[in-house]
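J.: After the sequence you'll find the predicted model.
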Amino acid sequence: MNAHGSLLVGFAARLFGGTRSALQEVEFGGEHGFGAIQFRGHVHEAKRTEFGDLATLAIGLQDHGLVPTMELLIGLDSDGRTDDGRSPVEVLGENLQIITTLGIRFVHWHLYPLHPENLTAGDRLS
C-alpha cells in the first residue's frame, strides 16, 4: 500500500525504450512503493518477454516484496484456437515453469478474436 492506501501495480511495459530488464523493472517497482508487478506471459514466439534468469528474478521479487502476476493475451479463431492451433490451456501450460519459479498465483487472461471481422451481430456485445 502506498501513502494513500492504494496498492500500486507495475508492469513490464517497456515504457523506457525497452532497455530495462525484468529485474530492473522489479527494482524500480520496489523502490517506488509498488506492491505487485505484472509480466506478460509467452503466447507467440515473436512476442516473448525476456525474463532473464528466473531464479534471480524470483529472489529480486522476494527482496523487494512484490507480488508477481501474469497476463496472457491470447487471440483465438472461431474454434477457440490460437493462430498456430493451441488452446488457451495449452498456452497456460507453456508458461507453467515461469509461473512456478516466480511464485505467480494470479494469471490474468485476455481472450480476443483473431478475426473480429468474421463475427456476426449476435456475437458482438451491445
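T.: Done, it's in.
J.: how far away is the residue nearest to residue 56 when sequence neighbours are not counted from residue 65?
T.: Closest residue in space to residue 56, ignoring its immediate chain neighbours: residue 23 at 6.5 Å, by CB to CB, 6 or more residues apart in numbering. C-beta: built from backbone N, CA, C; applies to glycine. Plainly put, residue 23 is 15 Å away from residue 65 if you go by CB to CB, to the nearest Å.
J.: So which of those two has more stuff around it?
T.: When residue 23 and residue 65 are compared on other CB atoms under 10 Å, the one with more neighbours turns out to be residue 23, at 17 against 11.
J.: picking that back up, wait, what's in contact with the residue nearest to residue 56?
T.: Going by CB atoms under 8 Å, 6 or more residues apart in numbering, residue 23 touches 52, 56, 57, 60.
J.: Can you report how many residues lie near residue 62?
T.: Neighbours of residue 62 (other CB under 10 Å): 13.
J.: Which helix or which strand is home to it?
T.: In this assignment (DSSP states H and E), residue 62 forms part of helix 54-64.
J.: what secondary structure does residue 92 sit in?
T.: helix (DSSP: H, G, I helix; E, B strand; the rest coil).
J.: can you pull the contacts of it?
T.: Counted by CB under 8 Å, 6+ apart, residue 92 has contacts 72, 107.
J.: Distance of it relative to residue 110?
T.: In terms of CB to CB, residue 92 sits 13 Å off from residue 110.
J.: Give me the pLDDT for residue 119.
T.: Residue-level confidence at residue 119 comes out at 66, pLDDT.
J.: And for the one 3 residues further on?
T.: Among the per-residue scores, residue 122 shows a pLDDT of 58.
J.: For the longest strand along the chain, which outside residues touch it?
T.: What stands out as the longest strand in the chain, according to DSSP state E, is strand 67-76. Strand 67-76 has contacts (CB under 8 Å, 6+ apart) with 9, 11, 35-41, 43, 61, 82-83, 88, 91-92, 95, 98-99, 102-114.
J.: Let's see that with 7 Å instead.
T.: Contacts of strand 67-76 with the rest of the structure, by CB atoms under 7 Å, 6 or more residues apart in numbering, involve 35-41, 43, 61, 82-83, 88, 91-92, 95, 99, 102-104, 106-114.
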